[in-house]
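In: Pasting the sequence and the predicted model now:
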Amino acid sequence: MRNQDGAGSPARDRVVAQLIAAARALFAQRGPGNVSLREIASAADVNYGLIHQYVGTKDDLLRLVFRTASEDFAHHFAEAEDASAAVAFIMRPKSSEYVRMLAHVLLEGRDPAALVGRSPALLELGHRIESELGEESGADPRVQVAALTGVALGWGLFGSFVQKIAGLGDIPEDELTKTIYAMLRRAVVDL
């Protein structure tokens, strides 16, 4: 991300936040490869030139979108009452916007790990599990976090499809999601 004059100013922060929100929605809807910076600027109601001045390229913006999402999750995990509440936050019915954006990135042949590096969110969640459960959980916290994340991402993308093909249409989607996530929490973390 570019560091220009005004970095950290309220006006710059507001513009960058608008760009991130617009880019995230558009990237989730159509994929980064099918969205132009001009479209993002228009959706964010921001002057196109400010993208280059405050953020840089589309790849820089994509990295910022992923990094911001991971940092937001890390903040929620750190502020959670305990490890169980942190796990409940990742395993909750929610918008699949992040998951759809991630799927587009993968289908475009990009490496999402290169966009965010080691995830601040997953590092924080692993830390919470390790510090509160220690060895009593019986598993490497990184493996527990990987299992939780894999199922959360998979259900976020394919949950409604699986619900239909498994004959679970009589159960409301949010209720089914809560049930599945609760089963996984018990199986993986035993919180």
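Out: Sure thing, it's come through. Keep in mind it's a predicted model, so treat the numbers as computed, not measured.
In: distance of Glu31 from Gln163?
Out: Rather than Glu, residue 31 is Gly. When distance is defined by Cβ to Cβ, to the nearest Å, Gly31 is 24 Å away from Gln163. Just so you know, the C-beta spots here come from the backbone N, C-alpha and C atoms, and that holds for glycine as well.
In: quick one, helices of the chain?
Out: 10-30, 37-44, 48-54, 58-79, 83-90, 97-107, 112-116, 120-133, 141-165, 173-188 (DSSP state H).
In: Please name every helix or strand in contact with the last one.
Out: The contact analysis (3 or more Cβ pairs under 8 Å, 6 or more residues apart in numbering; DSSP states H and E) places helix 173-188 against helix 83-90, helix 141-165.
In: Poorly predicted segments of this structure, please.
Out: The chain contains residues with pLDDT under 70 at 1-7, 93-95, 134-137, 189-191.
In: hang on, the earlier thing: redo the helices of the chain as CSV? Include mean neighbour count.
Out: Conversion of the helices of the chain to CSV gives the following (neighbours: other Cβ atoms under 10 Å):
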stretch, mean neighbour count
helix 10-30, 18
helix 37-44, 18
helix 48-54, 17
helix 58-79, 18
helix 83-90, 20
helix 97-107, 18
helix 112-116, 15
helix 120-133, 20
helix 141-165, 16
helix 173-188, 15
